[in-house]
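Colleague: model this:
(2 chains)
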2 protein chains.
Amino acid sequence: MKRAVSYNDVAAFVSMPLSSNNTEEDSSSEEESESKSFPMKKLAIVMVGLPARGKTHIARYIARYLNWVGRATRVFNVGNYRREILGASQPAEFFDPSNQEGRRARWELAIKCLDDLILWLKHQHGQVGIYDATNSTKERRKYVKERLETESIRVLFLESVCEDKSIIEHNIMETKLRMPDYQNMDPERAVEDFQARIANYERANETIDDDEMVSYIKIINVGRTIMLHQLTGYLQGKLVSYLMNMHTLSRSIYLTRHGESEYNAEERLGGDPDLTEKGKRFAIKLAQYIHEEFTAQGKELPLIWTSQLRRSRHTVQFIPTHNVCWRALNEINAGVCEGKTLEEVKQQFPKLYEARLKDKLHFRYPGGESYVDVIQRLEPVMLEVERMREPMLIVSHNAVIRAIYGFLIGKRQDECPNLEVPLHVVIKLTPRAYGCEETRIELNVEDNETVDGSRLDSKLNTRCTKPPKQVFF
Amino acid sequence: MKRAVSYNDVAAFVSMPLSSNNTEEDSSSEEESESKSFPMKKLAIVMVGLPARGKTHIARYIARYLNWVGRATRVFNVGNYRREILGASQPAEFFDPSNQEGRRARWELAIKCLDDLILWLKHQHGQVGIYDATNSTKERRKYVKERLETESIRVLFLESVCEDKSIIEHNIMETKLRMPDYQNMDPERAVEDFQARIANYERANETIDDDEMVSYIKIINVGRTIMLHQLTGYLQGKLVSYLMNMHTLSRSIYLTRHGESEYNAEERLGGDPDLTEKGKRFAIKLAQYIHEEFTAQGKELPLIWTSQLRRSRHTVQFIPTHNVCWRALNEINAGVCEGKTLEEVKQQFPKLYEARLKDKLHFRYPGGESYVDVIQRLEPVMLEVERMREPMLIVSHNAVIRAIYGFLIGKRQDECPNLEVPLHVVIKLTPRAYGCEETRIELNVEDNETVDGSRLDSKLNTRCTKPPKQVFF
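Modeller: Residues are numbered from 1 along each chain as shown, chains lettered A, B, ... in the order given. A predicted model of the protein is given here:
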């Protein structure tokens, strides 16, 4: 039965157009009954590492990614249990391994947290549970592994090792002092206390070794080196790709839809219309905003990515730098409904219209795409977004920006199609250690407003002679 | 300019339905002119490791995989240059580092081979060149790296390290003794000579370390552990996923199309028809063949994978074991042409018919798929095929079996749509160190032949009561 696991992993990622091909006769009831007798094996990712090694950050990022690609994932953080149950302010002595009482209390919390993880995976439709605790001794890991395997849950250990002192100190300053544990403490004393806490763990610390006979990933010095041991499978491969590209720099990402297009004005779907006059005024305002945010502050302009559609490319025409035009950022393909108004769709294809309302995530326009398709084609692009260390501006379309925005703020797939992303608003996102900071900048253009763009050059008129230019992929 | 690299990597993997969305106005000429000023950066994968560490095997597998996903990849093997230019039978002393003449000769060959790799990448449309040589000293690697970087080629080192003596010995016996170098030598003397050759390399061997400031992948003990250093990017992530699942066991894979279906008989595309009487007789013969190959020889039955379509599932109905039904193994979706004969397509959609003849690889049925789409959705399944260590039987459809067969025998994407895969033939493939062994078993059923299946139980009649059963993904 063990094999079944990976099949499920793969099946979850395989996307195909719905077709008349589907087995009608006997498959649906069969599929249902089979899925009961052949359940998917759940996965627990068990974090390992001393405090201030970025475990919580990594756990949260993995959860965000897996939820977005459609796998129900949740982080179970033992520290939160401690804070909730025992209160936030426990002194370093509490973490001293020779303190019997502290040890017992921490053990009980760890067990309670693990119990909840198992409960969630086994009875609450969870697919991946991330157990976020130090798990820094062999004994503890052995216990956790046996406990999970008894429940038929696959186990993957994920250790963060950091040999670079400066990274650890930066980590403490950046994240730990903002923890509830130190809310009312003098920063200097807090750092001291936290380092004492780490020292207590260090005394008993054992890094994972091959004798433990487990699958593991070791992330060394914030991903500069990654070690994989006895790791196979499709989901695991995706996880590694993601970890390879992850970094902890906090640079801002600016998202916006294109300016108003001729189709927006008529409420038509898809197509490749140009901007209206109003949309063009937004393009000018956007260039001015980007100038304020970057050039005026002596910063280099951000990376600029657009779709390959005219309304998106033309929205960045006044920003004096290259922009990269991605086909993968094109709007959801509405197939037979391209160029139609929603009213026309309702009249001409009433069944489609209803099906879309019923399940916007999975509904696929005949000859076109669904939101799931869009997310799938965006996945490699999002890995690239993760990898880039510079600020970036992404100008794309309603469905696509929803999916990207959903990824960055940690939404599940099914939440993406209903996120609010109006025209003429820039969403500025800055990832922080414990969440994503969001600002919305309204650059609304009134119908009869005039915007002075006389000092801005358009790339569209200059592109053949010199940069800035547009690059297509 | 460095960033451009990864954009290209990603763009190559993004697949979307063709749409009316495409930019018409100005994009095509622009794209062309841009692609000249923004060229794709080429990648060289430089193998590192002592002889008999599986370098050539790994290089060949990577090339096969990358070619199949559409990246022009070629292996440049220094050993072949030596054999071709100096002749195969050089004694171990030739490889002694204190032998000046041998050293110079080997150096010149290595340079010649590297020159050819660069030529291919820069002027012959190559995208990934794999430099297969020992490259076992820091000095040599430094030279190779600088040489490639001067030519604006990205460099990734891939080292195979093996600490397990038994694996090395097995490797020597399995592959090296079949090398042209030892064609006319007594095996015992050959092993001795080869071990002396390794000893000569070992004296000067230096494993890659972090001071060399290079991106590298280290494969330790045939993939049990994999180390990644300074590795980011989408293509790199795919490569790692692939390496994680690769193994060197040689178990057979049996491929066949389903038995003749009602649509085959009428020459119709797609749909979900059942088997004809003739097709059912093939199912019986297939079960008998699998019995002969496995059960009769005391072997366990193979893993059985089918599509979710009736004709494929019913083809394995007489084989008494589970079968897994993959949606990703379903036939290419012919969209608007589903259920039509080729003659009808020609009459009703003459333009489609012509477009398909012109470029069968990229032609996408409106509302359906292209071969490129099929290959993309098969990719995760092929990683699973690589991962499995048991023999397997895959029963699927014309386009899908072509793509899988193309992968296993190392064809490029564009060669897949024209591979010959007739009905009622089993293709047995057994991967060997230096290639893939192929046998075709014709199980042809004559029109008026009777096949005795009276002793076989059909799963279709028994499935609700007990295994064997069918499992859906």
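
Colleague: which residues of the stretch 201-350 of chain A fall in helices?
Modeller: Secondary structure of the stretch 201-350 of chain A (DSSP state H, counting those that start in this stretch): helices located at A:234-245, A:262-266, A:277-293, A:310-313, A:342-348, A:350-358.

Colleague: out of those, deepest packed?
Modeller: Per-residue neighbour counts averaged over each of the helices of the stretch 201-350 of chain A give the maximum for helix A:310-313, namely a mean of 26 (mean count of other Cβ atoms under 10 Å in any protein chain shown). The C-beta positions use only the backbone N, C-alpha and C, and glycine is treated the same way.

Colleague: Can you name the residues that contact the closest residue to A:Glu438 other than its chain neighbours?
Modeller: If you skip the residues right next to it in sequence, A:Glu438 has A:Leu429 as its closest partner in space, 5.6 Å away by Cβ to Cβ, 6 or more residues apart in numbering or on different chains. Neighbouring residues of A:Leu429 by Cβ atoms under 8 Å, 6 or more residues apart in numbering or on different chains: A:Ser252, A:Ile253, A:Tyr254, A:Leu255, A:Tyr405, A:Leu408, A:Ile409, A:Cys436, A:Glu437, A:Glu438.

Colleague: let's go with 6 Å and repeat that
Modeller: A:Leu429 makes contact with A:Ile253, A:Leu408, A:Cys436, A:Glu438, according to Cβ atoms under 6 Å, 6 or more residues apart in numbering or on different chains.

Colleague: can you put the helices of the stretch 201-350 of chain A in JSON lines and add mean pLDDT?
Modeller: Formatted as JSON lines, the entries for these read as follows, by pLDDT from 0 to 100:
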{"stretch": "helix A:234-245", "mean pLDDT": "90"}
{"stretch": "helix A:262-266", "mean pLDDT": "90"}
{"stretch": "helix A:277-293", "mean pLDDT": "95"}
{"stretch": "helix A:310-313", "mean pLDDT": "94"}
{"stretch": "helix A:342-348", "mean pLDDT": "92"}
{"stretch": "helix A:350-358", "mean pLDDT": "92"}
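
Colleague: quick revisit: could you list the buried residues of the host helix or strand of the residue nearest to A:Glu438?
Modeller: Secondary-structure assignment from DSSP states H and E places A:Leu429 in strand A:425-432. Applying a neighbour-count criterion of 16 or more other Cβ atoms under 10 Å in any protein chain shown, one finds A:Val425, A:Val426, A:Ile427, A:Lys428, A:Leu429, A:Thr430, A:Pro431 buried in strand A:425-432.

Colleague: Closest one to chain B out of these, please.
Modeller: Out of the buried residues of strand A:425-432, the one with the shortest distance to chain B is A:Pro431. That distance is 17.3 Å, counting by Cβ to the nearest Cβ.

Colleague: my read: that closest one touches A:Ser250, true?
Modeller: Yes. Counting by Cβ atoms under 6 Å, A:Pro431 does reach A:Ser250; the two are 5.3 Å apart.

Colleague: now the strands for the stretch 251-400 of chain A?
Modeller: Along the stretch 251-400 of chain A, the stretches classed as strands by DSSP state E, counting those that start in this stretch are A:253-257, A:303-307, A:323-326, A:392-396.

Colleague: so which of the ones you listed gets nearest chain B?
Modeller: Across those, the minimum distance to chain B, taken as Cβ to the nearest Cβ, is reached by strand A:323-326, at 6.1 Å.

Colleague: domain assignment for chain A?
Modeller: What the record gives for chain A is the domain set A:38-243, A:253-472, from automatic domain parsing.

Colleague: Distance to B:Phe194 for the ones you listed - can I get that in a markdown table?
Modeller: Putting those into a markdown table (distance: least, Cβ to Cβ, whole Å) gives the following:
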| stretch | distance to B:Phe194 |
| --- | --- |
| domain A:38-243 | 29 |
| domain A:253-472 | 43 |
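
Colleague: B:Leu443: which of those domains is closest?
Modeller: domain A:38-243 (29.9 Å; Cβ to Cβ).

Colleague: Could you confirm whether any residue of that closest one contacts chain B?
Modeller: Yes. Judged by Cβ under 6 Å from any Cβ of the partner chain, domain A:38-243 comes into contact with chain B at A:Phe38, A:Thr225, A:Ile226, A:Met227, A:Leu228, A:His229, A:Leu231, A:Thr232, A:Tyr234, A:Gly237, A:Val240, A:Ser241.
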